[in-house]
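# Need a 3D model of the following:
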Amino acid sequence: MVSENFNKFFNSQKGQEMILKMDEPQKTATASLDPIIESMNADGSFPVSALGLCGFNPDEVIGLIPDATGATCGADKLQILWTTVVIVEMIRKRFPEQEIEWKLLVAKSERYLRNNLGASLASSWKEAAVKFIASH
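Below you'll find the model as predicted:
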């Protein structure tokens, strides 16, 4: 299902535009943040493919999903949840001077995470993501 959605997205007009944007030289930090923000889903989550926009290897990141004991969702959803946690923490670390641009979007993602992971699991995953970001 993830690969089907991935293919649909990258074959769509928006996906093609994103690919073209990725090939453009990045002039400022704002230009780097824009495609990441644009990849956000309406519910506040980020697709696994957005990890590449952040400069991460999606396979490496997905391979580091923390313990999900207590989560009541499938593997595909866990990948999206972990991707969302990592991207939110990356945005906080790399773009603090642009907080006005991402503050409400990050709040939406955090609500999505709390609603799907619960406050405790969302908090422990956030700690794991902060450590991951610090190492990259």
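# you'd agree residue 40 is up against residue 46?
Yes - using CB atoms under 8 Å, residue 40 makes contact with residue 46 at a distance of 5.7 Å. Where you see a C-beta, it was placed from the backbone N, CA and C, and this is true even at glycine.
# any residues in contact with both of these two?
residue 109 (CB atoms under 8 Å, 6 or more residues apart in numbering).
# Which of these two has more residues huddled nearby?
residue 46 (26 against 21; other CB atoms under 10 Å).
# Need the three-state assignment for that one.
coil (DSSP: H, G, I helix; E, B strand; the rest coil).
# what about it, distance to residue 112?
Residue 46 sits 10 Å away from residue 112, going by CB to CB, to the nearest Å.
# Give me the common contacts of these two.
In contact with both residue 46 and residue 112: residue 84, using CB under 8 Å, 6+ apart.
# which residue packs closest to residue 108, ignoring adjacent ones?
residue 44 (4.0 Å; CB to CB, 6 or more residues apart in numbering).
# my read: that neighbour touches residue 104, true?
No - look at residue 44 against residue 104 with CB under 8 Å: they stay out of range, at 10.3 Å.
# what sits against the nearest residue to residue 128 once chain neighbours are set aside?
For residue 128, ignoring the flanking residues on the chain, the nearest one in space by CB to CB, 6+ apart is residue 66 at 4.4 Å. Going by CB under 8 Å, 6+ apart, residue 66 touches 82, 124-125, 128.
# mind checking the SS state of residue 66?
coil.
# Sketch out the low-pLDDT regions of the chain for me.
Within the chain, the segments meeting pLDDT under 70 span 1-10, 15-31.
# tell me the helices in it, going along the chain?
Secondary structure of the chain (DSSP state H): helices located at 2-11, 13-23, 29-38, 50-53, 58-62, 75-94, 99-117, 119-134.
# Mean neighbour count added to these, as a markdown table?
Output for these, formatted as a markdown table (neighbours: other CB atoms under 10 Å):
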| stretch | mean neighbour count |
| --- | --- |
| helix 2-11 | 12 |
| helix 13-23 | 12 |
| helix 29-38 | 16 |
| helix 50-53 | 21 |
| helix 58-62 | 16 |
| helix 75-94 | 21 |
| helix 99-117 | 16 |
| helix 119-134 | 16 |
